[in-house]
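Engineer: Build the 3D model from these lines:
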Amino acid sequence: MTGAVVITGGCGFLGTALARRIAKQGVTLPDGRRLSVSGVHLWDIPGAQVPDLPDVHFTAIDIADSDAVGAAMPADTVLIYHLAAVVSGQAEADYDLAMRVNLGGTNAVLAAARAVDHEVCVIGTSSLAVYGSGAVEPLTEATPIQPRNTYGVTKAMAELVMADYRRRGWADARTLRLPTVTVRPGKPNAAASSFASSIIREPLAGQRAICPVDPALAMWVASPDAAVRALHHAPSVAGADWPAFGAVNVPGLRVTVAQMLEALGERRALVDMQPDPQIAAIVGSWPTLFDTRLAVSLGFDGDAGFADIMAQAAVA
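Structural biologist: This next block holds a predicted model:
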């Protein structure tokens, strides 16, 4: 079958990699049909750098503007990836923007999906930040969510809206709780966890980097390739097999910052320790160990070890 795929935040590194994979491999829908994509629609902010991919359509859009989102949604849309979000550090600095984009944007996308067809599959991305600290590890999908920062709060609220659309049958809404993705390409962004990429990426390029947290801090991480594989796989799971609430914890690795630094070898000398209490408080509230048997049973997989993540970073 043919149909349109929409990726919000589509010009970011995950959206671009996902679009490239879909353009090359196609994608499978929940009913088992293989989608021969009639067009990948990348939505992002004005001025975003549009990747050079075949049959890609770019739309500059305010994701929280429900009228604009509804008007831009292609009539033949069968699959939506909602990746657009205000990240953790920026969310903590600008509460109103975080609420408007992370919650308002989710509402706008879901409403547009509902207007197209109740069978549209919507894959949303969430974060381990919805849990907060203090929960007994390893965490599962049944662990209560008690976020400790604005980013986690807005992501938790978005999860609830996604789940209600799923319950009502207004969309096949599915949420992936992604680990911290490292090593991200490009430059540092406003995410509190951005250092988890820069302390690897910059030294590998022969540049200095700053580590703002105690090396003993543990993190739950996944490589970019593992994150893209999860996104690509998510719509292929049969609707009857996906959990009712709709949120699934994607497999990751528990690794300490010290272990990440050790993996640099001699390039460890390029990392300067400069504690930042605000970053440490945000990242330190995130859990570090998950039971992902549900995800594995649904066909998701993860990285074999941190060496695999380092190998990806070295060739990026």
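Engineer: Give me the outermost residue of the protein relative to its centroid.
Structural biologist: The centre of the chain is farthest from one residue, Glu266, which by C-alpha atoms, centre = their mean lies 31.5 Å away.
Engineer: Now Ile282: which helix or strand?
Structural biologist: Here Ile282 sits within helix 277-284, counting by DSSP states H and E.
Engineer: for the helix or strand of the chain with the lowest mean pLDDT, which positions count as buried?
Structural biologist: Ranked by mean pLDDT, DSSP states H and E, the helix or strand of the chain with the weakest confidence is strand 34-44, at a mean of 87. Neighbour counts over strand 34-44 (16 or more other C-beta atoms under 10 Å) mark Leu35, Val37, Gly39, Val40, His41, Leu42, Trp43, Asp44 as buried. All C-beta atoms are positioned from the backbone trio N, CA, C, and that covers glycine.
Engineer: what comes into contact with it?
Structural biologist: Residues outside strand 34-44 that contact it (C-beta atoms under 8 Å, 6 or more residues apart in numbering) are 1-12, 15-16, 19, 22-23, 26-29, 50-51, 53, 55-61, 63, 72, 74, 76-79, 84.
Engineer: circling back to that earlier point, among the buried residues of strand 34-44, which one lies nearest to Pro188?
Structural biologist: Using C-beta to C-beta, Asp44 is the member of the buried residues of strand 34-44 that sits closest to Pro188, with 18.9 Å.
Engineer: Specify the beta-bridge partners of that closest one.
Structural biologist: Ala60 (DSSP bridges).
Engineer: gap between it and Lys155?
Structural biologist: 19 Å (C-beta to C-beta, to the nearest Å).
Engineer: ditto for Pro144
Structural biologist: 15 Å.
Engineer: Mind checking which of those two has more residues around it?
Structural biologist: Counted by other C-beta atoms under 10 Å, Pro144 and Lys155 do not tie: Lys155 has more neighbours, with 30 against 9.
Engineer: Report the contact partners of Tyr81.
Structural biologist: Taking C-beta under 8 Å, 6+ apart as the test, what Tyr81 contacts is Val5, Val6, Ile7, Thr8, Gly10, Gly15, Leu18, Ile123, Thr125, Leu231.
Engineer: swap the cut-off to 7 Å and go again
Structural biologist: Ile7, Thr8, Leu18, Ile123, Leu231 (C-beta atoms under 7 Å, 6 or more residues apart in numbering).
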